[in-house]
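**Student:** quick check, what structure comes out for this input:
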Amino acid sequence: MEESEADLDRFRSWMAKIEARDYFPTPQGDLVRAELTRAAETLTAFARQALAGEDADGAPPSR
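**Tutor:** Below is the predicted model of the structure:
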């Protein structure tokens with residue numbers, strides 16, 4: 001989890017650096033921002049499921 005959060009932070013940092021020196025907006029920039037948001041939401045959902053002990057379907061793990 002920590003590695004994934006660090007990776008996401010690194011990607012956000014890279015994007016901020018690119019945006020700081022990029023003079024012209026591009027569709028790719030919008031796509032990257034949307035994907036970073038989606039990645040953060042997915043990581044948050046995964047963390048919640050892991051902490052709650054649920055599987056991908058939201059059911060408790062079978063034993």
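
**Student:** assign a three-state SS to residue 25, would you?
**Tutor:** coil (DSSP: H, G, I helix; E, B strand; the rest coil).

**Student:** strands along this structure, start to end?
**Tutor:** For the chain, applying DSSP state E gives no strands.

**Student:** so, low pLDDT: which residues of the protein?
**Tutor:** 54-63 (pLDDT under 70).

**Student:** where do the helices sit along it?
**Tutor:** 2-21, 27-52 (DSSP state H).

**Student:** ok, now which ones touch residue 50?
**Tutor:** Residues near residue 50 by Cβ atoms under 8 Å, 6 or more residues apart in numbering: residue 1. C-beta here means a position set from N, CA and C on the backbone, and glycine is covered the same way.

**Student:** mind checking how far residue 53 is from residue 6?
**Tutor:** 24 Å (Cβ to Cβ, to the nearest Å).

**Student:** with residue 12 instead?
**Tutor:** For residue 12, the distance to residue 6 - Cβ to Cβ - is 11 Å.

**Student:** more neighbours: those two, which one.
**Tutor:** residue 12 (14 against 10; other Cβ atoms under 10 Å).

**Student:** ok, now which ones touch that one?
**Tutor:** Neighbours of residue 12 in contact, by Cβ under 8 Å, 6+ apart: residue 36.

**Student:** what's the answer for residue 33, then?
**Tutor:** residue 15.

**Student:** 10 Å instead?
**Tutor:** Residue 33 sits next to 12, 15, 19 when contact means Cβ atoms under 10 Å, 6 or more residues apart in numbering.

**Student:** from those, pick the one nearest residue 35.
**Tutor:** residue 15 (9.9 Å; Cβ to Cβ).

**Student:** in this structure that closest one contacts residue 31, no?
**Tutor:** No. Using Cβ atoms under 10 Å, residue 15 makes no contact with residue 31, being 11.2 Å away.
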